[in-house]
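Enquirer: sharing a model that was predicted from the sequence below.
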Amino acid sequence: MSRYGSSFREPPWVIGSPKEVMDWMDSSHPSKNKKDKHKFEKDFLKNLQIKFDFDVKRKEIDPPNFILKITHGKLIEEDFDLLATAELILRGLAKAKFRNTAKIVIDGKTFYEHPEKKSDLRKTIEDISEFSSEIIKGKNLEITAILADVEKAIATIKINKVHKKKEHSIDIKINGKIRKEIYHIFLNYLNEKIGLKEP
């Protein structure tokens with residue numbers, strides 16, 4: 001709107017109402033709160049699922065029983081140390097500011113469960129030797145960890161030595177919001193220490 005026929009939009013206080021003045025101010029100069037909120041949202045990732053394979057030898061094996069053979073077909077067994085991998089995953093979570101290991105499940109059996117503790121992840125790494133023999137003999141391991149950062153997030157990491165053909169060595173689900181920076185710290189640590197390849 002212009003009194004002189006130019007395409008330049010004049011401030012509304014030249015010819016407008018108080019409401020037009022406020023609308024013009026908001027569109028021309030967004031408030032700091034709106035800018036900060038927009039920036040804040042960009043810094044977070046929400047409800048992630050990431051799947052990787054370990055860069056190791058793989059072989060096909062027959063399922064242990066007839067029912068599994070019918071339902072799953074051939075299984076894949078991968079050549080890596082489940083205990084060492086579990087320790088590295090826990091260290092990666094600690095590096096990425098996850099402070100609570102809520103649960104550790106080996107081959108479907110729960111060996112560690114302390115969802116109420118707030119700072120036990122580093123102690124879990126030290127105490128993992130208590131059930132190391134079960135992990136060494138295990139085929140599948142699941143770790144649940146809680147991140148209480150700016151936002152709360154729950155990470156479920158499945159490490160599979162034996163799995164169906166369509167599944168992967170590692171399957172990470174992060175429910176909730178996680179800062180991009182923390183997410184990249186975690187993945188970079190895993191890639192550096194373990195060597196991962198995307199499917």
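Expert: Structure's in. What do you need?
Enquirer: can you list the domains in the protein?
Expert: Domain assignment for the chain by automatic domain parsing gives 11-42, 46-197.
Enquirer: now the element after the lowest-mean-pLDDT helix or strand in the chain, going C-ward?
Expert: Within the chain, no helix or strand scores below helix 32-42, which has a mean of 51 by mean pLDDT, DSSP states H and E. Per DSSP states H and E, the first helix or strand lying C-terminal to helix 32-42 is strand 44-54.
Enquirer: could you list the residues in contact with that next one?
Expert: Contacts with strand 44-54, where a contact means C-beta atoms under 8 Å, 6 or more residues apart in numbering, come from 78, 80, 85, 151, 168-180, 183, 187, 190, 194-199. To be clear about C-beta, it is placed using only N, CA and C from the backbone, and glycine gets the same treatment.
Enquirer: before we move on, back to that, okay, the domains of the chain, which one's buried deepest?
Expert: Mean neighbours per residue, mean count of other C-beta atoms under 10 Å, is largest over the domains of the chain for domain 46-197, with a mean of 16.
Enquirer: quick one: which of the contacts of strand 44-54 sit in helices?
Expert: 85, 180, 183, 187, 190 (DSSP state H).
Enquirer: quick one: residues contacting the fourth one.
Expert: Translated: residue 187. Contacts were defined as C-beta under 8 Å, 6+ apart; by that measure residue 187 touches residue 50.
Enquirer: all strands for the chain, in order.
Expert: 44-54, 58-61, 75-78, 100-106, 109-113, 140-148, 152-160, 162-164, 170-179, 196-197 (DSSP state E).
Enquirer: for residue 92, find the nearest of these.
Expert: Closest approach to residue 92 among the strands of the chain (C-beta to C-beta): strand 152-160, 9.1 Å.
Enquirer: what's that closest one packed up against?
Expert: helix 82-95, strand 140-148, strand 170-179 (3 or more C-beta pairs under 8 Å, 6 or more residues apart in numbering; DSSP states H and E).
Enquirer: quick one: contacts of that strand?
Expert: With contact meaning C-beta under 8 Å, 6+ apart, strand 152-160 is reached by 78, 82, 85-86, 89, 93, 98, 102, 139-147, 167-178.
Enquirer: swap in stretch 166-173?
Expert: Against stretch 166-173 from outside (C-beta under 8 Å, 6+ apart): 48-54, 56, 76, 78, 80, 155-161, 163, 190, 196, 199.
Enquirer: and it, how far apart are its ends?
Expert: With C-alpha to C-alpha, to the nearest Å applied, stretch 166-173 spans 17 Å between its terminal residues.
Enquirer: tell me the spacing between residue 159 and residue 48.
Expert: When distance is defined by C-beta to C-beta, to the nearest Å, residue 159 is 17 Å away from residue 48.
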